[in-house]
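Participant: Provided below for reference: sequence and predicted model.
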Amino acid sequence: MSDELERRLREAGHRLPGPAPDDTLDTRVRFLAAATPVRRLSLRRRSPVFALAAAVVLAGAFGVGYAVAAGKTQTKTVTKTQTRVVKERLNAGPGFLPADGWAIDVALDPQTGAIVAANASRNGTELAATFAPASTRQGLPQRTLPLQLPAGGKTRHLAATVGAYAVEVDVRLPATDAATLAAAREELGRLVVPACPSAHPLTAADVDAAKRYVLAWLPAHYQGDPSETAGATATAAAGATMPRHDEAAADCGADVAGKSVEVDVTLPKLAAVSASLSQLTFFVAKTRDGWEVWERAR
Amino acid sequence: METDTDLVLAARGGSREALGAIFDRHWPRVWRAAYATCGDRELANDAAQDAFLKAADALRRFDPRRPLEPWLVKIAVNRAIDLVRKRRRLVAAEDAPEPYGFDAGPADEGLWAALKALAPERRAVVALHYWFDYTTPEIADALGVPLGTVNSRLARALRDLRLHLEVRDV
């Protein structure tokens, strides 16, 4: 009996379930937030351009309020406004601008390909944002940044189309006092979503140029371990010849799609692990300020 | 592959990558240890999360030469035991059936039912010994109880399981 019991016990151990991915991500963010000294939270693994953009926005916030540009020139203000246009952030990819006291973890959902940015403060406030191409979620209201914290209790949810992305944000608050709500609103104001670009017409040489640009841009903007981008290769096509032209047109309109380049990247280091994660697609356009990645497609 | 010692030292130096690596390496097993003790996903999340948050606070004081996992398991399992006791008190006060139970083992329902009937302290010992391959001294160290207590809990747990299964199998 004893041997039989031990055999059954050991076999039962193999059937223990594991933690759910959402719970894992949630705890990971909280652990990083709790373990990282507050002053060290910001700007690690961010490009100098990203840091500059963050500094500009935070400088505005420390003055008499701040505004986050929703597009190239459009701004939306909160209370007293000191308007700052942060062009670089349009190329920063979806996520949150870094800020002291907040820990951000950005990952790709291996099942949907959506970008998931989990963000937690040391006082227990959590914001989990999911960014998917707008064409995958019909019927969401169009919004510009900054998004507004929806009414409710300790758990709040908002969903909207911002630029080329369908954005969903789940907010969990440890309390609903004024200070906690103000901090959550401020953090929601640091949400970054690339806008649909003011695209310039393309020339024949632009397809290769866009491909080179994306391969150079990728390591600093990849939502994962940058070392996974080593050895990346890419193919590119422009306008109506893009394999996913219809998706681009649905997300940012036919005009932008017609002036965009689809760059399909392969990450050889991930190919053996996950075929879907090893394939990345970006839509890029040439703008007044240079190349701009306006969407990471599914 | 970096050792836990390397990771703890790097994490103390401010490396978020090292912190992430510590979490990724130990979270699944610590969570399973908590789950094996309480048999409930929600409680296991709370217990395992507590372990990591306490570890985050104490990382600077932790001796990097010691293995990390038993330290994390100790916090998670003890927290899981506390949570089960607390929930039992609440459930008893409401005169309602206990809301927790394993959802992992339909292939051996009898055993899971017998495990569910154990006190969480005994279940923790069984889980650490048979599922995590801890020796009894290691369990004593992890749970912070004397070795004799571990031996006693293990023996009584096996006796209870045997009795439960014999009754059920008759």
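Facilitator: Noted; the coordinates are in hand. Numbering: from 1, shown residues only, chains lettered A, B, ... in the order given.
Participant: what about A:His200, neighbour count?
Facilitator: A:His200 has 12 neighbouring residues, counting by other C-beta atoms under 10 Å in any protein chain shown. (C-beta placed from N, C-alpha, C; glycine too.)
Participant: is it true that it touches A:Arg288?
Facilitator: Yes: using C-beta atoms under 8 Å, A:His200 makes contact with A:Arg288 at a distance of 7.2 Å.
Participant: now the element after the worst-scoring helix or strand of chain B on mean pLDDT, going C-ward?
Facilitator: Across the helices and strands of chain B, mean pLDDT, DSSP states H and E gives its lowest value to helix B:68-94, namely a mean of 81. Using DSSP states H and E, the helix or strand that follows helix B:68-94 towards the C-terminus is helix B:109-117.
Participant: pLDDT of that following helix, averaged?
Facilitator: Average pLDDT, helix B:109-117: 84.
Participant: that one close to chain A?
Facilitator: Yes: applying C-beta under 8 Å from any C-beta of the partner chain, one finds helix B:109-117 in contact with chain A at B:111-112, B:115.
Participant: re the thing from before, what comes up buried for the least confident helix or strand of chain B?
Facilitator: Neighbour counts over helix B:68-94 (16 or more other C-beta atoms under 10 Å in any protein chain shown) mark B:68-84, B:87 as buried.
Participant: that helix - contacts with which helices or strands?
Facilitator: helix B:4-12, helix B:16-38, helix B:41-58, helix B:120-126, helix B:136-143 (3 or more C-beta pairs under 8 Å, 6 or more residues apart in numbering or on different chains; DSSP states H and E).
Participant: please redo it, this time with the cut-off set to 7 Å
Facilitator: helix B:16-38, helix B:41-58, helix B:120-126, helix B:136-143 (3 or more C-beta pairs under 7 Å, 6 or more residues apart in numbering or on different chains; DSSP states H and E).
Participant: give me the helices and strands touching the third one, please.
Facilitator: By that I understand helix B:120-126. helix B:16-38, helix B:68-94, helix B:147-169.
Participant: same deal with the second one?
Facilitator: Applying 3+ C-beta pairs under 7 Å, 6+ apart, we find helix B:41-58 packed against helix A:21-35, helix B:16-38, helix B:68-94.
Participant: repeat that for the last one.
Facilitator: Of the remaining helices and strands, those touching helix B:136-143 by 3+ C-beta pairs under 7 Å, 6+ apart are helix B:68-94, helix B:147-169.
Participant: who's in contact with it?
Facilitator: Contacts with helix B:136-143, where a contact means C-beta atoms under 7 Å, 6 or more residues apart in numbering or on different chains, come from B:70, B:73-74, B:77-78, B:124-125, B:128-129, B:134, B:146-147, B:150-151, B:154.
Participant: now it: mean pLDDT?
Facilitator: 89.
Participant: how far does that helix sit from its chain's centre?
Facilitator: Averaging C-alpha positions (C-alpha atoms, centre = their mean, to the nearest Å) puts helix B:136-143 12 Å from its chain's average.
Participant: quick one, it and helix B:68-94 angle?
Facilitator: 70 degrees (axes from the mean of the first three to the mean of the last three C-alpha atoms, to 10 degrees).
Participant: pairing partners for the helix or strand hosting A:Arg296, with directions?
Facilitator: Assigned by DSSP H and E, A:Arg296 belongs to strand A:290-297. Strand pairing for strand A:290-297, using DSSP bridges, gives strand A:279-287 (antiparallel).
Participant: what comes up buried for the partner strand?
Facilitator: A:280-287.
Participant: dump stretch A:228-237 to CSV, restricted to CA.
Facilitator: Taking Å, rounded to 0.1, in the frame of the first residue of the first chain, the C-alpha atoms of stretch A:228-237 are listed here in CSV:
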residue,chain,number,x,y,z
GLU,A,228,16.4,38.3,-29.5
THR,A,229,16.7,40.7,-32.4
ALA,A,230,20.2,39.5,-33.2
GLY,A,231,20.5,38.3,-36.8
ALA,A,232,17.1,39.7,-37.8
THR,A,233,16.3,39.7,-41.5
ALA,A,234,13.5,41.5,-43.3
THR,A,235,11.5,41.8,-46.5
ALA,A,236,9.5,44.8,-47.5
ALA,A,237,6.8,45.9,-49.9
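Participant: is there proximity between that stretch and chain B?
Facilitator: No: applying C-beta under 7 Å from any C-beta of the partner chain, one finds stretch A:228-237 separated from chain B by no less than 13.2 Å.
Participant: give me the beta-bridge partners of A:Ala117?
Facilitator: A:Val106, A:Ala129.
Participant: ok, it touching A:Trp102?
Facilitator: No: with contact defined as C-beta atoms under 7 Å, A:Ala117 does not count as touching A:Trp102 (11.1 Å).
Participant: and the stretch 1-150 of chain A, which residues reach chain B?
Facilitator: So the stretch 1-150 of chain A meets chain B at A:1, A:5-6, A:8-10, A:12-13, A:15-19, A:23-24, A:27-28, A:30-32, A:34-37, A:40, A:44 (C-beta under 7 Å from any C-beta).
Participant: filter these down to the buried ones, ChimeraX style.
Facilitator: Remark: buried members of the residues of the stretch 1-150 of chain A next to chain B, expressed as a ChimeraX selection using 16+ other C-beta under 10 Å:
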select /A:5,8,9,12,13,16,19,23,24,27,28,30,31,32,34,35,36
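Participant: other residues contacting stretch A:122-129?
Facilitator: Outside stretch A:122-129, the residues touching it (C-beta under 7 Å, 6+ apart) are A:33-34, A:38, A:101, A:116-120, A:167-174, A:180, A:183-184, A:187-188, A:191.
Participant: tell me which of those fall in strands.
Facilitator: Among the contacts of stretch A:122-129, DSSP state E puts A:116-120, A:167-172, A:191 in strands.
Participant: do a quick rundown of the helices in the stretch 1-150 of chain A.
Facilitator: A:2-14, A:21-35, A:48-62 (DSSP state H, counting those that start in this stretch).
Participant: lowest-confidence stretch among these?
Facilitator: Going by mean pLDDT, the lowest-scoring of the helices of the stretch 1-150 of chain A is helix A:48-62, which has a mean of 35.
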